[in-house]
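Undergrad: how does the following fold in three dimensions:
(chains A and B)
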Amino acid sequence: DAGVIQSPRHEVTEMGQEVTLRCKPISGHNSLFWYRQTMMRGLELLIYFNNNVPIDDSGMPEDRFSAKMPNASFSTLKIQPSEPRDSAVYFCASSSPGQFGYEQYFGPGTRLTVT
Amino acid sequence: QQQVKQSPQSLIVQKGGISIINCAYENTAFDYFPWYQQFPGKGPALLIAIRPDVSEKKEGRFTISFNKSAKQFSLHIMDSQPGDSATYFCAASIRDYKLSFGAGTTVTVRA
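TA: Next up, the predicted model:
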């Protein structure tokens, strides 16, 4: 099992540019999560999909952020336009039923730097 | 506001010692309490998890203690090893999906 795959691993862009982060969940997992990690705010849930449908996007900071899941094996998180305060590590996670419920498996993350 | 409060922010322990990390929560509707381990440059990895119907769960050198009445839970790392040096996050959720994470504890194990 390849685990959750994210690309790119690092992204450096200028303020105002569009940024697209990509995620391939573990095959067979029906839930997908996007998180953001910063020193100031820690790990924050941005959006949660179940069976490709967005269930909870209350963590999306503002309209500049959007996420899609066109099929069970692919999701994107887009920031347009990007701002320096968006600099963070963005994680994708997927989950399936485990011993205690839905255990989330995280990808390696995308480190985004907006200059 | 942070729904799960974690302490300490960091700790240093000698090899073979015990590391203890504490978390407290307010929302009594939380019913799933996992711990994640994160190494630099990597994503968090599920370490161990507990439900509130048990007071303790042990997996190898890692033990979760859960006190429902006090709304607290803790992670004990027994016989700490240098390879355990990482950041540990407690978390809590309702119906598993919306995890609220603690701020994290950086554990350093000195050889």
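Undergrad: all contacts plus neighbour counts: C-alpha atoms, from now on.
TA: Fine.
Undergrad: low-confidence ranges in the chain?
TA: Since you didn't name a chain, this refers to chain A. A:1, A:98-101 (pLDDT under 70).
Undergrad: that answer is for a different chain, and I need it for chain B
TA: Along chain B, segments meeting pLDDT under 70 span B:1, B:96.
Undergrad: hey, where'd the strands end up in the chain?
TA: Picking chain A for this. A:5-7, A:10-13, A:19-24, A:31-38, A:42-50, A:53-56, A:65-71, A:74-79, A:88-98, A:101-106, A:110-114 (DSSP state E).
Undergrad: that's the other chain; I wanted chain B
TA: Along chain B, the stretches classed as strands by DSSP E are B:4-7, B:10-14, B:19-25, B:33-38, B:45-50, B:56-59, B:62-67, B:72-77, B:86-92, B:100-101, B:105-110.
Undergrad: what parts of chain A come near chain B?
TA: Chain A comes close to chain B at residues A:41-45, A:91, A:100-109, as judged by Cα under 8 Å from any Cα of the partner chain.
Undergrad: show me the contacts for the residue of chain A found nearest chain B.
TA: Nearest to chain B in chain A, going by Cα to the nearest Cα, is residue A:108, at a distance of 4.6 Å. Residues in contact with residue A:108, defined by Cα atoms under 8 Å, 6 or more residues apart in numbering or on different chains, are A:4, A:5, A:6, A:9, A:91, B:41, B:42, B:43.
Undergrad: report the buried members of those.
TA: Among the contacts of residue A:108, those buried by neighbour count (16 or more other Cα atoms under 10 Å in any protein chain shown) are A:4, A:5, A:6, A:9, A:91, B:43.
Undergrad: picking up where we left off before, so for residue B:49, which of the strands of chain A sits nearest?
TA: Proximity to residue B:49 (Cα to Cα) singles out strand A:101-106 among the strands of chain A, at 9.0 Å.
Undergrad: so what are the sheet partners of that closest one and their directions?
TA: In the sheet, strand A:101-106 lines up against strand A:88-98 (antiparallel) (DSSP bridges).
Undergrad: can you give me the buried ones in the strand it pairs with?
TA: In terms of neighbour count (16+ other Cα under 10 Å), strand A:88-98 has its buried residues at A:88, A:89, A:90, A:91, A:92, A:93, A:94, A:95, A:96.
Undergrad: residue A:112 is in contact with the first one, correct?
TA: In this case it means residue A:88. Yes: contact criterion Cα atoms under 8 Å: residue A:88 and residue A:112 qualify, at 5.5 Å.
Undergrad: show me what the most centrally placed residue in chain A is bridged to.
TA: Closest to where the C-alpha atoms of chain A average out (Cα atoms, centre = their mean) is residue A:34, at 2.9 Å. In this entry, residue A:34 is beta-bridged to residue A:47, residue A:92, by DSSP bridges.
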